[in-house]
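Asker: Quick one: sequence and predicted model below, then my questions.
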Amino acid sequence: MLALAAALTGTALGATAAPRGFTVEDLVTMERVGSPAVSPDGGRVVYTVRTTDMGKNRGHTDLYLVDLRAANPAPQRLTSDAASSTDPEWSPNGDAIYFLSARSGSGQVWRVPAAGGDAVRVTDLPLDVDAFRVAPTGDRMLLSMAVFRDCADLACTKARVDAKEKDKASGKVYDRLFVRHWDTWSDGRNNVLYAAPLDAAGRVNGTPVSLSGALDGDVPSKPFGDREEFRFSPDGKTVVFSVRIAGKTEAWSTNFDVYTVAATGGTPRNLTADNNAWDTKAVFSPDGRTLAYLAMTRPGFEADRYHIVLLDLATGKKRNVADSWDRSPGSIQWTADGKTLIADAEDIGQHRLFAIDVASGKVSPLTDKGSIGGFDVRGNTIAFTQTNLASGAQLFGMQLGTTQSKQLTHVNEEKLADVRWGDYEQFSFKGANGDTVHGYVMKPWNYEPGKKYPIAFLVHGGPQGSFGNGWSYRWNPQVYAGAGYATVFIDFHGSTGYGQKFTDAISGDWGGKPLEDLKKGLAAATAKYAWLDRSHACALGASYGGYMMNWIEGNWSDGFKCIVNHDGVFDTRGMAYSTEEQWFTDWENGGPYFAVPDKHERFNPVLHVNKWKTPMLVVQGDLDFRIPTTQGLSTFTALQRRGIDSKLLVFPDENHWVLKPANSVLWHHTVIGWLDQHLKQ
């Protein structure tokens, strides 16, 4: 039988109100827990909670603290300003928490007493602080700010930005890529890492000194890098960071390197020049003698497996840890005794925490079902956020040496007490090449035995990604369950968490094995679960999933009653020359288009438009520079020229994702309406 989702969240279904399905309005207004940080003594955890202001059409984040030493730990709110408070970090002695906030009019670092009280600004710089860290010795702070590298000081960058805003000419001149990245046009600034001294009160007292400004690159990396990419040594004297040297090859390079530099400034030294692939997220051992970091081995491949490398800083000797463990860690942290590394990784449709013995390489799972978000390790305490297919993130605590965790937050439980979640179950089948492939099915909230239900068939993006046992605010099967749909989602060849060979299998084969897996997976699901109505099914996907919608139109054209295509690739040639991260299309197609055009054209949806016939809803974010707007417009044009029932939903102010609350509501209602039109009438 399908396990009750409520059993996995530790909550009972509402006993008083009449049960109902989960809605998009529920989704966008949920509180979101994140960014756990454990106090130096391991006794307290600070974390963030994001709420949504529908009137202002944006989220708002505050800091909360829970004292693990209390008999019944209860969350305590630390901040309540009109401006958000994010990125919490403890002071070394545990008496205060540093955080980022724009409450002064610009993004600066603030400090609030752990016991509660008024926050005090500790930086007053001309530019926004985008990321920071406090030295373990409490005497210095790392600060990342976007600057013009040829400027002598921060004021110069500020003056230049202000002058540009007043300039009536809007043209931009470029002589190298990236000209734009993700959703932003380049303005010539880099994220540069600085260090500044702190006074006895924890305030920046002195002029920040550039640590990475001599390097042509961003620390942290754009667009999604964060402070995991830079750290202090335990004695506070040394800083380690990762950076990709830009030059004119940045758009097709994944060669990040780990550098070290004195915290007081100096010339950065490259520790990983021997590896032309991705090196990142370096962490000093507690004694400061060893550096652990993540390293890929294949240049140009963003979805390569991360190996864990240990570098002896005295001898320069390197060795891999747990190399036979065929998983790719997301991040790593040392335990206080320096004997164990804690890592998170995807694993057979889950995203779990693992303990890795440094001496032997033995890997032991710490969590089971569900998906880990952020985590932190201090003393004997591990704090982490965890989700599953029936719960947004909650905060959990665990003691080292055990696998028993305690739930510390219960956000949204009262608000959603009357929601009946769609029950779900993982299944497997023989896919392409006879390989075992996994997927999930979910019942509609109002499931009744003996009835059949229309299917929302969700296809994940990436393509090296996963639709596993986790919570999403963009593609959430519970929204479809709440609308009366059954859902099926398959981790086809190319998905992550099943070994690197399985992940590699999609490169050069976008329309091959993955499509075979999707066909066999849907057939296996409908054969096993009698409540799935195969004759009434709609396929939905974004990014690579959107590509697959276009591919299905021409290569599985009798498979579905309707299709939803969000930011999908229509023409692989156009994609190759217009997407910003060129390394992606190069790797996935065996080289740049001008070198191997036949490989790019092998699975090009544009070549099969004459076979299209399934009604399609096309969604496009106009700020999506990953899969530019012309791809969505071309898809809609092809549908209209073919006389196929179709709609186009465009968001002028969204990127590859739909992030604004009101836009998310519109997106979901439009998509569910499209399914209703074709599956319920």
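Answerer: Structure received. Numbers count the residues shown, from 1 in each chain.
Asker: Secondary structure element holding the spatially most central residue of the chain?
Answerer: In the chain, the C-alpha nearest the mean C-alpha coordinate belongs to F224, at 8.3 Å (C-alpha atoms, centre = their mean). F224 belongs to no helix or strand when assigned by DSSP states H and E.
Asker: How much space separates it from F467?
Answerer: Note on F224: its distance to F467, by C-beta to C-beta, to the nearest Å, is 20 Å. Just so you know, the C-beta spots here come from the backbone N, C-alpha and C atoms, and that holds for glycine as well.
Asker: partner residues bridging N190?
Answerer: Counting by DSSP bridges, N190 is bridged to V147.
Asker: Could you report the pLDDT at it?
Answerer: In this prediction, N190 carries a pLDDT score of 98.
Asker: Kindly report the same for A7.
Answerer: So, for A7, pLDDT stands at 36.
Asker: Ok, the one 5 residues further on next?
Answerer: Residue-level confidence at A12 comes out at 42, pLDDT.
Asker: for the stretch 151-300 of the chain, what spans make up the helices?
Answerer: Using DSSP state H, counting those that start in this stretch, the helices of the stretch 151-300 of the chain run over residues 154-166.
Asker: same check, this time on the chain
Answerer: With helices called from DSSP state H, the chain shows them at 5-9, 24-29, 154-166, 477-482, 500-504, 513-528, 544-555, 572-578, 582-588, 597-601, 629-641, 661-679.
Asker: nearest spatial neighbour of F603, skipping sequence neighbours?
Answerer: G511 (3.5 Å; C-beta to C-beta, 6 or more residues apart in numbering).
Asker: roughly how far apart are K528 and G422?
Answerer: Remark: distance between K528 and G422 (C-beta to C-beta) = 17 Å.
Asker: and these two? which has more neighbours close in?
Answerer: Remark: of K528 and G422, G422 carries more neighbours, 28 against 12, as counted by other C-beta atoms under 10 Å.
Asker: who's in contact with the more buried one?
Answerer: Contact analysis of G422 by C-beta atoms under 8 Å, 6 or more residues apart in numbering lists 5, 22, 390, 442-445, 447, 477-478, 480-482, 487.
Asker: Just give the number of residues close to the residue lying closest to T403 once chain neighbours are set aside.
Answerer: Distances taken as C-beta to C-beta, 6+ apart place L366 nearest to T403, at 5.5 Å, with adjacent residues excluded. Per other C-beta under 10 Å, the neighbour tally for L366 reads 21.
Asker: now H669
Answerer: If we define neighbours as other C-beta under 10 Å, then H669 has 14 of them.
Asker: quick one: low-confidence ranges for this protein?
Answerer: Scanning the chain for pLDDT under 70 picks out the ranges 1-16.
Asker: Mind doing that once more with 90?
Answerer: Applying pLDDT under 90 to the chain flags residues 1-17, 71-73, 681.
Asker: How much space separates the closest residue to L540 other than its chain neighbours from H678?
Answerer: Spatial nearest neighbour of L540, chain neighbours left out: V564 (4.0 Å); criterion: C-beta to C-beta, 6+ apart. Per C-beta to C-beta, V564 is found 10 Å from H678.
Asker: ok, the two, which is more surrounded?
Answerer: The neighbour count for V564 versus H678, taken as other C-beta under 10 Å, is higher for V564 (31 against 20).
Asker: partner residues bridging that one?
Answerer: Beta bridges link V564 to L540, L617, judged by DSSP bridges.
Asker: if we can go back for a sec, and the residue nearest to the centre of the chain, what is it in contact with?
Answerer: So F224 contacts nothing (C-beta under 8 Å, 6+ apart).
Asker: roughly how far apart are it and G217?
Answerer: F224 is 15 Å from G217, where distance means C-beta to C-beta.
Asker: Surely the residue nearest to F603 and N555 touch.
Answerer: Yes - G511 is within contact range of N555, at 6.5 Å (criterion: C-beta atoms under 8 Å).
Asker: So which of the two has more stuff around it?
Answerer: Between G511 and N555, G511 has the larger neighbour count (other C-beta under 10 Å), namely 20 against 16.
Asker: which residues are in contact with both of V564 and H678?
Answerer: Residues touching both V564 and H678 (C-beta under 8 Å, 6+ apart) are C538.
Asker: What segments of the stretch 251-400 of the chain are strands?
Answerer: For the stretch 251-400 of the chain, strands defined by DSSP state E, counting those that start in this stretch occupy the ranges 256-262, 269-270, 279-284, 290-295, 307-312, 318-321, 332-334, 340-347, 350-357, 363-365, 371-378, 381-388, 391-399.
Asker: What are the buried residues along the fifth one?
Answerer: In this case it means strand 307-312. H307, I308, V309, L310, L311 (16 or more other C-beta atoms under 10 Å).
Asker: between those residues, which is nearest S324?
Answerer: H307 (10.8 Å; C-beta to C-beta).
Asker: Beta-bridge partners for that closest one, please?
Answerer: A295.
Asker: For it, give its distance to D279.
Answerer: 10 Å.
Asker: Overlap in contacts, the two.
Answerer: Both H307 and D279 are contacted by L294, A295, M296, under the criterion C-beta under 8 Å, 6+ apart.
Asker: ranking the residues you listed by neighbours, who comes first?
Answerer: Most surrounded of the shared contacts of H307 and D279: other C-beta under 10 Å gives L294, at 25 neighbours.
Asker: isn't it right up against V283?
Answerer: No - between L294 and V283 there is no contact under C-beta under 8 Å: 9.5 Å.
Asker: which residues do the two both contact?
Answerer: I332.
Asker: Turn the helices of the chain into CSV, including distance to D274.
Answerer: CSV is the format used below for those (distance: least, C-beta to C-beta, whole Å):
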stretch, distance to D274
helix 5-9, 45
helix 24-29, 47
helix 154-166, 34
helix 477-482, 44
helix 500-504, 21
helix 513-528, 34
helix 544-555, 33
helix 572-578, 31
helix 582-588, 20
helix 597-601, 30
helix 629-641, 39
helix 661-679, 45
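Asker: Nearest to F241, out of these?
Answerer: It is, among the helices of the chain and with distance given as C-beta to C-beta, helix 154-166, at 19.0 Å.
Asker: bridging residues for V46?
Answerer: Assigned bridge partners for V46, using DSSP bridges, are A37, L65.
Asker: Roughly how far does the residue of the chain most remote from its centre sit from A314?
Answerer: The C-alpha centroid of the chain is most remote from G450, which lies 39.0 Å away (C-alpha atoms, centre = their mean). Counting by C-beta to C-beta, the gap between G450 and A314 amounts to 70 Å.
Asker: Check D95 too.
Answerer: 34 Å.
Asker: out of the two, which sits in the busier spot?
Answerer: Shown here are D95 and A314; by other C-beta under 10 Å, D95 has more neighbours (14 against 8).
Asker: which ones are touching the residue nearest to that one when sequence neighbours are not counted?
Answerer: Closest residue to D95 apart from its sequence neighbours, by C-beta to C-beta, 6+ apart: A114 at 5.8 Å. A114 sits next to S39, R44, V46, L65, L78, W90, G94, D95, A96, I97 when contact means C-beta under 8 Å, 6+ apart.
Asker: ok, now with 6 Å
Answerer: Applying C-beta atoms under 6 Å, 6 or more residues apart in numbering, one finds that A114 lies in contact with D95, A96, I97.
Asker: and if you look at T487?
Answerer: T487 is in contact with M442, A456, L458, P477, Y480, counting by C-beta under 6 Å, 6+ apart.
Asker: How many neighbouring residues does L78 have?
Answerer: Neighbours around L78, by other C-beta under 10 Å: 22.
Asker: right, and it touches V66 too?
Answerer: No - using C-beta atoms under 6 Å, L78 is not in contact with V66; the gap is 10.7 Å.
Asker: Bridge partners for the nearest residue to P36 once chain neighbours are set aside, pull those for me.
Answerer: Distance criterion C-beta to C-beta, 6+ apart; nearest residue to P36, sequence neighbours excluded, is A383 at 4.1 Å. Beta bridges link A383 to D376, G397 when assigned by DSSP bridges.
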